[in-house]
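# Build me a structure from this.
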Amino acid sequence: MPVINRIAALAPEMTEWRHWLHRHPELEFDLPQTSAFVAARLREIGVDELHEGIAKSGIVALIHGRAPGPCIGLRADMDALPLEEITGAEYASEHPGKMHACGHDGHTTMLLGAAKYLAETRNFAGTVALIFQPAEEDGGGAEVMVREGIMERFGVAQVYGIHNAPNLPLGHFVTEQGPLMAAVDTAYVTVTGKGGHGATPHLTLDPVPAIVAMVSALQSVVSRNLDPLSELVLSVTEIHVGTANNIIPETGWFCATIRSFTPEVRAMVEKRFHEVVAGIAAAHGVRAEIRYDKGYPPTINDAERARFAADVAREIAGEAAVSDSSGREMGAEDFSYMLQARPGAYLFLGTGPGAGLHHPAYDFNDEAAPVGASFFARLVERALPL
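Sure, this is the predicted structure:
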């Protein structure tokens, strides 16, 4: 079964929706234009219930099938990124310093397309909860929506989501039966010594060599404290110190991103991070303050639901274009909170060649939208058969 004919016919309208969303990117929970646009389309589509203002700007819409049955949740994220767009597209961002560089405009469009088809056909027994979520990029909007009780309030029994994947062949699906993406934590370290003239270092407590030693030593956490068959990324991504070539600074700071899959590894690296930094600070006679922020947990698919979702994807894309054992990756995703609350699965949908995610030249491929919408629609019909 290829792309559903009715959804294929919706492609021009879906492209219009996506381009409008792309022109009007908004960040985190502050999505007034985006939420209003999505709500207006859902009213036109004719959903049975529309619930706005969840997690400030999130929406849950319900469509009931032709017979009673359980509720399945389908999620799309709506927020953009703080980037200056360089695509040169006719529909490029009209909001300076903001752009849809991760394809959430495409995710929202795919779910709206599926909603229109499902509201017209209602060829299922039960209810679909269409979850339009804010603040995936920063803020953990999924966690907030879960904490505000959407799973219990709407009786969601299982939940699914899609993320676009540039440079995966157009229309191909990949997922994993179990852990798919990593947990992400962020550490901020401020090092304070005693500043002074660069010509008299003996009269100072220089934070620079301490920071350099910390950054170097932290790499040994991966190479010497971790089972080589386990998975961990510890990347120092920012170092800020100094103001002039003849001044030894008083303070400096650096930050790191930490990616892992298991609670044991996550706890180990946090412990070793503190020990390494404290030890080197003591050796250099400086003071180190650490802020260690726990971020999104690992995204772990329910194995049975992942196999089921892959089977549905094969109906849309063909056997050769789907893998449910693609391997895990070190990216992170707050859909993990929804998968902690209910069984389900998350999949990647290929959008073909192009700039990567979070790049200022990225643009979602509109040809992928009918594929994703067809997957969502067929998933409902398969999961909730009449």
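# E44: which element?
Per DSSP states H and E: E44 is located in helix 32-45.
# Centre of the chain to that helix, how far?
Taking CA atoms, centre = their mean, to the nearest Å, one finds the center of helix 32-45 at 22 Å from the center of the full chain.
# next SSE after that helix?
Taking DSSP H and E, what comes next after helix 32-45 is strand 49-54.
# In PDB, could you pull the C-alpha coordinates for the helix holding E44?
Listed next in PDB are the C-alpha coordinates belonging to helix 32-45 (Å, rounded to 0.1, in the frame of the first residue of the first chain):
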ATOM      1  CA  PRO A  32       0.900  32.100  20.000                       C
ATOM      2  CA  GLN A  33       0.900  32.300  16.200                       C
ATOM      3  CA  THR A  34       1.700  28.600  15.700                       C
ATOM      4  CA  SER A  35      -0.900  27.400  18.200                       C
ATOM      5  CA  ALA A  36      -3.500  29.700  16.800                       C
ATOM      6  CA  PHE A  37      -2.800  28.400  13.200                       C
ATOM      7  CA  VAL A  38      -2.900  24.800  14.300                       C
ATOM      8  CA  ALA A  39      -6.100  25.300  16.200                       C
ATOM      9  CA  ALA A  40      -7.800  27.000  13.300                       C
ATOM     10  CA  ARG A  41      -6.900  24.200  10.900                       C
ATOM     11  CA  LEU A  42      -8.200  21.600  13.400                       C
ATOM     12  CA  ARG A  43     -11.500  23.400  13.600                       C
ATOM     13  CA  GLU A  44     -11.800  23.500   9.800                       C
ATOM     14  CA  ILE A  45     -10.900  19.800   9.800                       C
END
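# which strands and helices sit next to that helix?
Secondary-structure packing of helix 32-45 (3 or more CB pairs under 8 Å, 6 or more residues apart in numbering; DSSP states H and E): helix 11-23, strand 49-54, strand 58-64, helix 104-121, strand 125-133. Every residue, glycine included, has its C-beta placed from N, CA and C.
# Those: which one's closest to C255?
helix 104-121 (24.9 Å; CB to CB).
# Tell me which residues of that closest one come out buried.
The neighbour-count check on helix 104-121 (16 or more other CB atoms under 10 Å) flags 104-119, 121 as buried.
# okay, S326: pLDDT?
If you check S326, the pLDDT there is 87.
# So the most centrally placed residue in the chain, which state does it fall into?
Centrality entry for the chain: nearest residue to the mean C-alpha point is E333, 3.4 Å, by CA atoms, centre = their mean. Secondary structure state of E333, per DSSP: H, G, I helix; E, B strand; the rest coil, is coil.
# from the chain's centre, how far out does stretch 350-367 sit?
The chain centre lies 15 Å from the centre of stretch 350-367; the measure is CA atoms, centre = their mean.
# likewise stretch 217-232?
25 Å.
# in it, what counts as buried?
218, 221-222, 226, 231-232.
# how many other residues sit next to the closest residue to V174 other than its chain neighbours?
Of all residues not flanking V174 in the chain, S326 sits nearest, at 3.8 Å (CB to CB, 6 or more residues apart in numbering). Per other CB atoms under 10 Å, the neighbour tally for S326 reads 19.
# residue ranges with poor pLDDT in the stretch 151-300 of the chain?
In the predicted model of the stretch 151-300 of the chain, no residue satisfies pLDDT under 70.
# The residue nearest to V174 contacts G178, correct?
No. Between S326 and G178 no contact is recorded; they are 11.4 Å apart, counting by CB atoms under 8 Å.
# Distance to T299 and mean pLDDT added to the helices and strands packed on helix 32-45, as TSV?
Shown next, in TSV, are those (distance: least, CB to CB, whole Å; pLDDT from 0 to 100):
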stretch	distance to T299	mean pLDDT
helix 11-23	24	98
strand 49-54	21	98
strand 58-64	19	98
helix 104-121	15	98
strand 125-133	14	98
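# possible to save these as TSV with distance to L205?
Formatted as TSV, those follow (distance: least, CB to CB, whole Å):
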stretch	distance to L205
helix 11-23	51
strand 49-54	51
strand 58-64	49
helix 104-121	46
strand 125-133	47
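# nearest to R75, of the ones you listed?
Of all the helices and strands packed on helix 32-45, strand 125-133 comes closest under CB to CB, at 4.2 Å.
# Neighbouring strands of the closest one in the sheet, and parallel or not?
Within its sheet, strand 125-133 is paired with strand 58-64 (antiparallel), strand 67-77 (parallel), according to DSSP bridges.
# angle of it against strand 49-54?
30 degrees (axes from the mean of the first three to the mean of the last three CA atoms, to 10 degrees).
# Which residues does the helix or strand following strand 125-133 contact?
Using DSSP H and E, the helix or strand that follows strand 125-133 in sequence is helix 141-147. The contact list for helix 141-147, computed with CB atoms under 8 Å, 6 or more residues apart in numbering, reads 28-29, 54-56, 58, 60, 75, 77, 79, 131, 133-136, 296, 334-338, 340-341.
# at 6 Å what do you get?
Helix 141-147 is contacted from outside by 54-55, 58, 133-135, 334-335, 337-338, 341, using CB atoms under 6 Å, 6 or more residues apart in numbering.
# List the buried residues in it.
Going by neighbour count (16+ other CB under 10 Å), the buried part of helix 141-147 is 141-146.
# same thing with stretch 349-360?
Those would be 349-352, 354, 357, 359, for stretch 349-360 by 16+ other CB under 10 Å.
# Among these, pick out the one closest to N245, please.
Nearest to N245 among these, with distances taken as CB to CB, is H359, at 33.6 Å.
# distance of the residue lying closest to the closest one once chain neighbours are set aside from A135?
Nearest in space to H359, with sequence neighbours left out and distances taken as CB to CB, 6+ apart, is A101 at 6.3 Å. Remark: distance between A101 and A135 (CB to CB, to the nearest Å) = 16 Å.
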